[in-house]
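In: Let me see the structure of the following:
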Amino acid sequence: MGSKKEAVILFADIIGCSQISNALTIQVYADFLKQFHSACRDSFDIIQKIPELTLKEPSECEFYVKGDECCVFLHKTENNMKEIEWAIRFALALQLNWLVSQHNIENARKCILPVGVGIGIHQGLVYYDKFQGDKESSEGYCINLTKRIEGTSREGQTSKIYISEQVYSKLENVMRLKARFTKPIILEKQLKGINTAIQVRELEEADRNLFKTPAREISKKDIDQLKFCAIALPNTKWLKLLIQFISVDDDVILGYLKDIRRNIIDNLGINHWLNDAEYQMNQKNYPQARKYIEEALNISSKGENFDVDTSAITRTTTLFSRWYFEQGSFQESIDWARVAIKRDRFYLPAYYYLIESLYKTKQYKECRYLTAEIKGLNVSYVLPNGISKGYFWFKDAEMLCELHNKEYKNDVIISLKKAIELDNKLLGHIEQNKHLTKGLAADELLELKN
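Out: Residues are numbered from 1 along each chain as shown. You can find the predicted model right below:
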């Protein structure tokens, strides 16, 4: 028999996960999600080990993690004070454990801001019953509302932890919860399925005692790199706050600027010049773009002494390849692309300019050799101009046609099918390509469309 219950509800979701999934291979994306699941479970275990907050599963606490989403239902035990503190401390623990995930640490090494998590917390009535099979679970309007609050939390300015006004009104009774929230935020956008105006508040600051040490160990070198991101990049107030709770050594926290390694500074400098160079090239301002690439190359040349990140050097040489390619100097583009690939044989942007330059100079056999090799690589780089990995299968088919060998026909069809499977937008390019359509029968073209 089901029953009504007062519950505190929490939803957490990875910010920008759709774009991330498009940029990663299936295997790499699966590993990315596993890291998120681990961060959620570690955070759950950390809070459950606090004696005064421990809740029984599933009668008092329902915990789910699926895909890029985490959901917690905390059923009222006395007056919901315990559940509210549990939810907020779990949100803080999750932010911290996700910050030190492998994916975010690797981003920090490249001076890229960590991927964030949006979190929404609300309370209200749920109906607890067996909705599917023998397993009991909660359903109700307030669950939908919490999910909508979480969806808007990614627009937050600091923690991206949003709590409803109902939750905030109970906080003054939670004596241990020393935290500061923003003034009420009226959600202006119409929330899907919600007809009433909703007020929320964003968590701005939290007392150090509310945090627990992350479950995953992190080296001092990686802590320094996270700290440098927090200082060098904009809108990182909350990141700076989170970093303070990674280390228990106050001297490290206060003095971390003094011992940041030179290579981190150099990597940031390289990326700064390369970002400017890419912008200028997109604006077709090639002389200025060339100056910026040369500035990055000057820093890269010190790599032997300062251990400059290989990826920064690879990106520099790839941009030189692009610069020459867009200037029509295809042999120079080939030379720079090969330098980049020598540094990192999995860096697809360099392969893109190498293959296109080889194609322009009619070096079809080498071009085909490269496309055949790349098809088997397990890589996650984003290609230039939004190009997908299906491009390499498309190019492989194009090279086979250029070689004018009828024995390759089956291989052409296989490559084109795979290209469309990876990116159906390529179908339009296939239909417009005379070399490809000339060698295929009408029924074969129709099969590709279907």
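
In: tell me, how many neighbours does I334 end up with?
Out: For I334, the count of nearby residues is 23 (other CB atoms under 10 Å). (Each C-beta comes from the backbone N, C-alpha and C, glycine too.)

In: which non-adjacent residue is nearest D129?
Out: Excluding its sequence neighbours, the residue lying closest to D129 (CB to CB, 6 or more residues apart in numbering) is G2, at 2.8 Å.

In: quick one: P214 and E278, what's the gap?
Out: 34 Å (CB to CB, to the nearest Å).

In: thinking again about what came up before, and the residue nearest to D129, how many residues sit next to it?
Out: 12.

In: can you tell me how far it sits from K135?
Out: Applying CB to CB, the value for G2 to K135 is 13 Å.

In: do L177 as well
Out: 32 Å.

In: more crowded one of the two?
Out: A direct count of neighbours by other CB under 10 Å for L177 and K135 places L177 higher, at 18 against 9.

In: which strands and helices sit next to the host helix or strand of I420?
Out: Here I420, judged by DSSP states H and E, is contained in helix 409-422. Where contact means 3 or more CB pairs under 8 Å, 6 or more residues apart in numbering; DSSP states H and E, helix 409-422 is packed against helix 390-402, helix 426-432, helix 442-449.

In: Confidence-wise, which of the ones you listed is weakest overall?
Out: Mean pLDDT is lowest for helix 442-449 among those, at a mean of 53.

In: Between P214 and E278, tell me which one has more neighbours.
Out: P214 (21 against 17).

In: shouldn't the more buried one be in contact with N97?
Out: Yes: the criterion here is CB atoms under 8 Å, and P214 meets it with N97 at 5.1 Å.

In: which neighbours do these two share?
Out: When CB atoms under 8 Å, 6 or more residues apart in numbering defines a contact, the residues bordering P214 and N97 alike are D42.

In: any idea where the strands of the stretch 101-250 of the chain begin and end?
Out: Using DSSP state E, counting those that start in this stretch, the strands found in the stretch 101-250 of the chain span residues 117-132, 135-139, 161-164, 179-181, 185-186, 199-206.

In: Those: which one's closest to V28?
Out: Closest approach to V28 among these (CB to CB): strand 117-132, 19.1 Å.

In: That closest one: which residues count as buried?
Out: V117, G118, I119, G120, I121, H122, Q123, G124, V126, Y128 (16 or more other CB atoms under 10 Å).

In: next one: stretch 47-57
Out: Neighbour-count burial for stretch 47-57 [16+ other CB under 10 Å]: I47, Q48, L53, L55.

In: so who does the third one touch?
Out: Right, L53. Shown in contact with L53 (CB under 8 Å, 6+ apart): I47, K82, E85, W86, R89.

In: mean confidence for the lengthiest helix in the chain?
Out: Longest among the helix segments of the chain by residue count, using DSSP state H, is helix 26-48. The average pLDDT for helix 26-48 rounds to 92.
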